[in-house]
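In: no sequence on this one, just coordinates:
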């Protein structure tokens, strides 16, 4: 499962252009402005492409995806 974590952190790091993701996996991606709605769509597309996780934007709930740790947990629960 560590592979999922590394992949998610790498995707988020690339999307946000920030290493803060890896340093602080509990940072709120939306409150800090690291991720916006466009970034969210890109994130879901990357997760689908790299980890075969199908997360429709229509079912996306920001509170469940607010931090890198939450994204990792969500992805792991969907696999």
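Out: Happy to help now that I have it. Note that the structure is a prediction, hence the values are computed from the model and not measured.
In: need the contact list for residue 52.
Out: Taking Cβ atoms under 8 Å, 6 or more residues apart in numbering, we find residue 52 in contact with residue 79. Heads up, the C-betas are built off the backbone N, CA and C, glycines and all.
In: repeat for residue 74
Out: Residues in contact with residue 74 (Cβ under 8 Å, 6+ apart) are 55, 64-65.
In: Which one among the residues you listed sits at the bottom for pLDDT?
Out: Within the contacts of residue 74, pLDDT reaches its minimum at residue 55, with 86.
In: which non-adjacent residue is nearest that residue?
Out: In space, and not counting its chain neighbours, residue 55 is closest to residue 44: 5.1 Å by Cβ to Cβ, 6 or more residues apart in numbering.
In: in stretch 43-59, what's buried?
Out: Neighbour-count burial for stretch 43-59, with 16 or more other Cβ atoms under 10 Å as criterion, is recorded at 43-44, 46-47, 51, 53, 55.
In: Which of the residues you listed fall within helices?
Out: Counting by DSSP state H, the part of the buried residues of stretch 43-59 found in helices is 43-44, 46-47, 51.
In: got the contact list for the residue nearest to the spatial centre of the chain?
Out: In the chain, the C-alpha closest to the average C-alpha coordinate belongs to residue 71, at a distance of 4.5 Å (Cα atoms, centre = their mean). Each residue near residue 71 by Cβ under 8 Å, 6+ apart is listed here: 8, 12, 29, 43, 65.
In: Noted, bye for now.
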